[in-house]
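In: the following block contains a protein sequence and its predicted model.
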Amino acid sequence: MTIIILDFGSQYTQLIAKTVRKLERHAIVQPHDYEPRERVDAIIISGGPQTVKDPDSLRPHPLLFPFCEYHKIPILGVCYGFQLMMHHYGGMVHQGGGAEYGYTTLNTIESKLFREIASYRVWSSHRDVVIRFPAGFKQIGFNARGDCIAVEHTTLPFAGIQYHPEVQHSACNAIAYFLDNIAHIPKLWTIGTIHEDIQYLMHTIKKDDHVICALSGGVDSTVTAAIIHQYIGERLHCVLVDNGLLRRDEARHIIAQYKNMGLNVVCIDHKEEMLKALKGITDPEEKRKIIGREFIKVFHKFAQTLDVDVKWLAQGTIYSDVIESGGTKNSHTIKSHHNIGGLLDNLGFQIIEPLRHIFKDEVRSYARHYLNIPNHLIVRQPFPGPGLAIRCPGEVTPEKLEIIRSADAILQEELMERPYLYNTIWQSFVILLPIYSVGVQGDQRSDKNCIVLRIVASQDAMTANWVPLESELLQHISTRITNEVSGVNRVLLDITNKPPSTIEWE
Ligand code: XMP
């Protein structure tokens, strides 16, 4: 869960962050840098020294309010943030006039934000006042003069306050009420507690221990390696297994990125062995287990090439992997995610999984807060350990993998050219169906392969919705695939959510 604090230059922004931090993870963002593209759990617009009466004053992105309205993202406006909200919805702000600095009284009425009638001593610091309130907003708090200093929307999760709840001297912490009563954000799990847990876990790696870590290019393994590297530096030995199931140019591309991050990493070519091990295998669970076993073989081989004893194997397992592999008390096994299923027997290493208890959005948020990882690696779409094998129902062959790689490269290229779209998508990939269909190409009958496009939005992979791309873009992608990928004459679109489907096909 993420809370964005839009910092309009209030001297109290850090205090807003402090209040939020006790409750949830957050990011402080400059208004110019914030374009509403991703759903977040709440937005707090800070105060600031400006006045909305000045047409050149600092404003939020013009789509901020419409985007939040559409996605029902809760917003709290504080002081200038409150005035911005009122101004946006057609209220009237009066410059000067009703200034208040220091203590004032807040008398609340029963509302979504405050819940009950009460009187508090709160702290104010403002010159401008709102003198006419826009339709749709209800007045819920008044000062001793009877001026309204708190509002909430009657149907949207929006609220605004004229005082500073974040300062220690304000007795009514409207930020906490907002997070509780309007945004409904749970209190217990914070980025700070995640950090504490990770630090605690890192202490189990002793001074002379060496760790190996398999990197896949995905955010989970990258973050895992970056965390451990921060603690033990060169005693972390990373390996990227080029298992023949990666996307086009992936191994070369990500090795270069990891080296830039200062990681001690090698790439091991295991393409032939992997394909041999998968020959003739059609059962998805068997595929996953074989791939897991092959990985372990490579890790062992890799560890033997090091002239140190390796005690630990670090893995980027996250909580959704644990749940989906039947790893929690109340969950069913949906799939054996390779980073758990294949590793259980006769393991020569102790496993360390710093991300085991957190979800992907939390992994990303942790990386942004605590690690020095380039943003493009953090926002990368996840890629499963068993790679393209689980996007190739039936037997995995080099010819089929080549078709998948070519079609996938087109899809990735088209979406990456549209970052506003790419960044809202959890995963986009293709599946090659194990059937031929009849087509007509160049006046001739063709019996060729079918490619399925799978494009989903999700927060944590536990549930996902298919993303309805614009039909023009779909047309374009489909035409490019059938023109450029030999062996394909049909492109299909998967329009199923998770549940009932899973994201991957196997
Ligand atoms: P499903 O298909 O279970 O996928 O809805 C949920 C998320 O997990 C990824 N996935 C895997 N990741 N090893 C991984 O590291 C695996 O075996 C595996 N299987 C699925 C999938 O890509 C999606 O993001």
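Out: Great, that's in hand.
In: separation between the residue nearest in space to the middle of the chain and P386?
Out: What sits nearest the mean C-alpha location of the chain, by CA atoms, centre = their mean, is D361, with 3.5 Å. As defined by CB to CB, to the nearest Å, D361 lies at a distance of 23 Å from P386. (C-beta placed from N, C-alpha, C; glycine too.)
In: chain neighbours aside, what residue packs nearest to T224?
Out: The shortest distance from T224 to any non-neighbouring residue, by CB to CB, 6 or more residues apart in numbering, is to G316 (4.2 Å).
In: okay, now the unreliable bits of the stretch 351-500 of the chain?
Out: 460, 462-463 (pLDDT under 70).
In: any chance you could map the strands in it?
Out: Shown for the stretch 351-500 of the chain, the strands assigned by DSSP state E, counting those that start in this stretch span residues 427-441, 444-457, 465-466, 488-493.
In: any chance of CSV for those strands, columns distance to the ligand and mean neighbour count?
Out: Below are the strands of the stretch 351-500 of the chain laid out as CSV (distance: least, CB to the nearest ligand atom, whole Å; neighbours: other CB atoms under 10 Å):
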stretch, distance to the ligand, mean neighbour count
strand 427-441, 5, 17
strand 444-457, 9, 18
strand 465-466, 12, 16
strand 488-493, 17, 19
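In: now the helices: where do they sit in the stretch 101-250 of the chain?
Out: Here the stretch 101-250 of the chain has its helices, by DSSP state H, counting those that start in this stretch, at 174-177, 191-202, 219-232, 250-260.
In: relative orientation of the last one and helix 219-232 in degrees?
Out: Here helix 250-260 points in a direction 30 degrees away from that of helix 219-232 (axes from the mean of the first three to the mean of the last three CA atoms, to 10 degrees).
In: send me helix 250-260 as PDB with only the CA atoms.
Out: Extracted in PDB, the C-alpha atoms of helix 250-260 (Å, rounded to 0.1, in the frame of the first residue of the first chain):
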ATOM      1  CA  GLU A 250      17.500 -10.700 -21.600                       C
ATOM      2  CA  ALA A 251      20.700 -12.300 -20.200                       C
ATOM      3  CA  ARG A 252      23.100  -9.900 -21.900                       C
ATOM      4  CA  HIS A 253      20.900  -6.900 -21.000                       C
ATOM      5  CA  ILE A 254      20.500  -7.600 -17.300                       C
ATOM      6  CA  ILE A 255      24.000  -8.700 -16.600                       C
ATOM      7  CA  ALA A 256      25.100  -5.300 -17.800                       C
ATOM      8  CA  GLN A 257      22.600  -3.600 -15.400                       C
ATOM      9  CA  TYR A 258      23.700  -5.700 -12.400                       C
ATOM     10  CA  LYS A 259      27.400  -4.900 -13.000                       C
ATOM     11  CA  ASN A 260      26.400  -1.300 -13.000                       C
END
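In: contacts for it?
Out: Contacts with helix 250-260, where a contact means CB atoms under 8 Å, 6 or more residues apart in numbering, come from 215, 217, 222, 225, 238, 240, 242, 265, 267, 374, 377, 383.
In: do I have it right that the first one meets S221?
Out: The reference is to L215. Yes. Counting by CB atoms under 8 Å, S221 is a contact partner of L215 at 4.8 Å.
In: how many residues are close by D443?
Out: The number of residues packed near D443 is 5, by other CB atoms under 10 Å.
In: can you give me phi and psi for it?
Out: The phi and psi values for D443, taken as degrees, to the nearest 10, are phi 60, psi 10.
In: quick check: longest helix of this protein.
Out: If you go by DSSP state H, the chain has its longest helix at helix 284-305.
In: export that helix to CSV, keeping only CA atoms.
Out: Extracted in CSV, the C-alpha atoms of helix 284-305 (Å, rounded to 0.1, in the frame of the first residue of the first chain):
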residue,chain,number,x,y,z
PRO,A,284,3.0,-28.1,-16.2
GLU,A,285,3.8,-29.2,-12.7
GLU,A,286,6.5,-31.6,-13.9
LYS,A,287,8.0,-28.8,-16.0
ARG,A,288,8.2,-26.6,-13.0
LYS,A,289,9.8,-29.2,-10.8
ILE,A,290,12.4,-30.1,-13.5
ILE,A,291,13.2,-26.5,-14.0
GLY,A,292,13.7,-26.1,-10.2
ARG,A,293,15.9,-29.1,-10.1
GLU,A,294,18.1,-27.8,-13.0
PHE,A,295,18.4,-24.5,-11.2
ILE,A,296,19.7,-26.3,-8.1
LYS,A,297,22.2,-28.3,-10.1
VAL,A,298,23.6,-25.0,-11.5
PHE,A,299,23.8,-23.4,-8.1
HIS,A,300,25.8,-26.3,-6.8
LYS,A,301,28.1,-26.2,-9.8
PHE,A,302,28.5,-22.5,-9.4
ALA,A,303,29.2,-22.7,-5.7
GLN,A,304,31.9,-25.3,-6.4
THR,A,305,33.6,-22.9,-8.7
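In: for that helix, buried residues please.
Out: Residues of helix 284-305 classed as buried: 284, 287-296, 298-300, 302-303 (neighbour count, 16 or more other CB atoms under 10 Å).
In: mind checking the end-to-end distance for stretch 487-499?
Out: The first residue of stretch 487-499 is 32 Å away from its last residue (CA to CA, to the nearest Å).
In: what sits up against it?
Out: If you take CB under 8 Å, 6+ apart as the criterion, stretch 487-499 is touched by 399, 403, 407, 431, 433, 437, 439, 441, 446, 448-456, 458, 461-466, 468, 474, 477-478, 481-482, 501.
In: go again with 6 Å.
Out: Identification of contacts with stretch 487-499 by CB atoms under 6 Å, 6 or more residues apart in numbering yields 403, 437, 439, 446, 448-454, 463-466, 478, 481-482.
In: gap between it and the chain center?
Out: Relative to its chain's centre, stretch 487-499 lies at 24 Å (CA atoms, centre = their mean, to the nearest Å).
In: going forward, count from 15.
Out: Sounds good: first residue 15 from here, last item stretch 501-513.
In: for the stretch 165-314 of the chain, what lies in contact range of the ligand?
Out: With CB under 6 Å from any ligand atom as the criterion, the stretch 165-314 of the chain comes near the ligand at residues R302.
In: of all the residues in the stretch 165-314 of the chain, which one is nearest the ligand?
Out: Residue nearest to the ligand within the stretch 165-314 of the chain (CB to the nearest ligand atom): R302, separated by 5.7 Å.
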